[in-house]
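In: Fold the following and give me the result.
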Amino acid sequence: MTHLLHLDASARPGFAGKDEHGSHSRNLTHRFVSQWLARRAQDSVTYRDIGQNPPSYISHDWIASSFTPEERREPWMTETLAESDQLVDELIAADVLVIGTPLYNFGMPAALKAWIDLIVRPGRTVDVDETKLPEPYVPLLADRPRHAVILSARGGIGFGPGGEMAHMNHLEPNLVTALNFIGITRIHQIAIEGQETGGDVLAASVAEALHQVDVLVAELQGTLDATPLSQPYERQAEAC
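Out: Modelled structure (predicted):
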């Protein structure tokens with residue numbers, strides 16, 4: 001049985017097309033998870049709406065607790081790390097991480113950055129081996145194949161790889177770097193563009209993205225329990 005961890009990071013609670021200010025990224029994640037379960041009802045999903053219920057930001061106490069070896073932690077340190085431990089446990093249990101996120105001001109929403117900060121944990125998701133300098137970091141989530149699916153929505157056009165605005169997109173590159181750092185390297189990306197343009201441009205982008213989601217679900221389900229995908233899926237629904 002495959003387990004999915006589904007995260008939505010949009011500040012918009014509803015779905016685009018149904019609510020006046022609904023979320024396009026939520027549409028994509030809902031499509032992905034719905035299609036997945038329609039094909040494999042035996043699989044399970046943990047859902048976290050970090051857009052509406054954002055994780056805590058890291059603090060001085062969190063940093064002190066995180067970098068203190070477990071056997072030396074005081075009770076208040078364990079309590080400080082409780083939320084982070086839960087988020088890390090959810091991630092470790094997942095075979096497929098599904099992230100729905102908008103591009104806000106060239107990067108990720110603050111809620112998603114808070115989640116990243118809480119799951120990149122020494123001793124839990126990454127370790128340090130000082131005998132391997134100058135690259136001492138050991139990704140602990142490389143212990144078994146895990147896939148991450150990044151489903152994003154952008155107001156403008158051309159923010160994908162090779163696009164005219166790609167140099168201003170710090171959303172997917174940041175996520176990929178953080179996930180690779182802890183050992184999740186099988187990453188697949190689909191994006192909607194053109195929300196600010198609207199009309200036929202946006203409609204075409206949405207339709208193409210939904211199609212690509214369906215294709216990716218079938219691909220992943222067909223290969224997840226056999227040989228991992230040889231080439232990560234990186235498609236964007238260009239609005240042009």
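In: Quick check: which ranges of this structure have low pLDDT?
Out: Scanning the chain for pLDDT under 70 picks out the ranges 225, 227-240.
In: Just list the residues touching the residue nearest the centre of it, thanks.
Out: With distances taken as C-alpha atoms, centre = their mean, residue 99 lies nearest the centre of the chain, 3.3 Å away. Each residue near residue 99 by C-beta atoms under 8 Å, 6 or more residues apart in numbering is listed here: 7, 9, 29, 112, 148-151, 175. In short, each C-beta sits where N, CA and C put it, glycine included.
In: Out of the residues you listed, which sit inside strands?
Out: 7, 148-151 (DSSP state E).
In: Rebuild these as TSV, extending it with neighbour count.
Out: Listed next are the ones in strands among the contacts of residue 99 as TSV, based on neighbours: other C-beta atoms under 10 Å:
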residue	neighbour count
7	24
148	22
149	27
150	22
151	28
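In: measure residue 164 to residue 157 for me?
Out: Taking C-beta to C-beta, to the nearest Å as the measure, residue 164 falls 8 Å from residue 157.
In: Do you have the strands of the chain handy? List them.
Out: 3-8, 44-49, 96-102, 126-128, 137-139, 147-153, 186-192.
In: and the fifth one, which strands flank it?
Out: Think strand 137-139. Within its sheet, strand 137-139 is paired with strand 126-128 (antiparallel), according to DSSP bridges.
In: Could you do the first one as well?
Out: According to DSSP bridges, the neighbouring strands of strand 3-8, each with its direction, are strand 44-49 (parallel), strand 96-102 (parallel).
In: Let me know how buried residue 65 is, in neighbour terms.
Out: Using other C-beta atoms under 10 Å, residue 65 has 21 neighbouring residues.
In: the longest helix in this protein is where?
Out: helix 199-223 (DSSP state H).
In: and that one, how far out from the chain's middle?
Out: Relative to the mean C-alpha coordinate of its chain, helix 199-223 is positioned 17 Å out (C-alpha atoms, centre = their mean, to the nearest Å).
In: packing partners for it?
Out: helix 24-39, strand 147-153, strand 186-192 (3 or more C-beta pairs under 8 Å, 6 or more residues apart in numbering; DSSP states H and E).
In: what angle do the second one and strand 3-8 make?
Out: In this structure, strand 147-153 runs at an angle of 20 degrees to strand 3-8, with axes from the mean of the first three to the mean of the last three C-alpha atoms, to 10 degrees as the basis.
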